[in-house]
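Colleague: 3D, please:
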Amino acid sequence: MRNTQVNYIGKPSSRSKCNKMNAERIKKYYCIMSIISLFLGFGIYVFFRNSNMLVFNLLPKLEFLNSIYIPIKHTFFNSIFLYNFPDVLWFLSGLLFIRYLWFNNKLQNIYIKCFYGIAIIIETSQLNKNIYGTFDVLDLLFMGMTAFVESLLYKIILRRSLK
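Modeller: Numbers count the residues shown, from 1 in each chain. Purely as a prediction, here's the structure:
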């Protein structure tokens, strides 16, 4: 029994059982939040972006979705919502999914750093047109902020729930 507290009889204490239950509950939470953020990112594309995008060439947009397209007036904040927020949500979805897969595992940080690196490479490759898309410094900024906030919340939640 690794990292479990043992009472004087040699059985796992109720505290270690509670920690394991909390860990499983948090792990499920990460999976659910990953799926939600992935679908929210796609939802912005489906409902607020037009049909002439590469995504819709790869995955055709269903015809009935064209009838519920919601045009948005272009302002600075609306542009962030339309163009940067989906990327941030997909980035967050990937981080949360890695947390789910390798929850409380020593290799988790290596996988997360590899994920950061891949996201940065994909975004910066758009500068040279190596990857289809438009390079945006705000994407990198928001991804960095998301990674920072997510890691802080992870540490706070993990410490609080596994005490």
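
Colleague: just give me the neighbour total for the residue lying closest to residue 122 once chain neighbours are set aside.
Modeller: Using C-beta to C-beta, 6 or more residues apart in numbering and skipping residues adjacent in sequence, the residue nearest residue 122 is residue 131, 5.9 Å away. Yep, even glycine has a C-beta here, placed from its N, CA and C like the rest. Using other C-beta atoms under 10 Å, residue 131 is surrounded by 13 other residues.

Colleague: what of residue 22?
Modeller: 16.

Colleague: touching, residue 100 and residue 34? I think so.
Modeller: Yes. Taking C-beta atoms under 8 Å as the definition, residue 100 is a contact partner of residue 34 at 6.1 Å.

Colleague: using the three-state scheme, assign the residue nearest to residue 122.
Modeller: Following DSSP: H, G, I helix; E, B strand; the rest coil, we place residue 131 in the coil state.

Colleague: residue ranges for the helices of this protein, please.
Modeller: Along the chain, counting by DSSP state H, helices occupy 14-48, 54-58, 63-66, 76-79, 85-101, 108-125, 137-161.

Colleague: how far does the fifth one sit from its chain's centre?
Modeller: I take that to be helix 85-101. A distance of 1 Å separates the centroid of the chain from that of helix 85-101, by C-alpha atoms, centre = their mean, to the nearest Å.

Colleague: the longest one too?
Modeller: In this view, helix 14-48 has its centroid 10 Å away from the chain centroid, taken as C-alpha atoms, centre = their mean.

Colleague: just checking, what packs against it?
Modeller: Under the contact definition 3 or more C-beta pairs under 8 Å, 6 or more residues apart in numbering; DSSP states H and E, helix 14-48 sits against helix 85-101, helix 137-161.

Colleague: adding mean pLDDT and mean neighbour count, write these out as a markdown table.
Modeller: Output for these, formatted as a markdown table (pLDDT from 0 to 100; neighbours: other C-beta atoms under 10 Å):
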| stretch | mean pLDDT | mean neighbour count |
| --- | --- | --- |
| helix 85-101 | 94 | 20 |
| helix 137-161 | 89 | 14 |
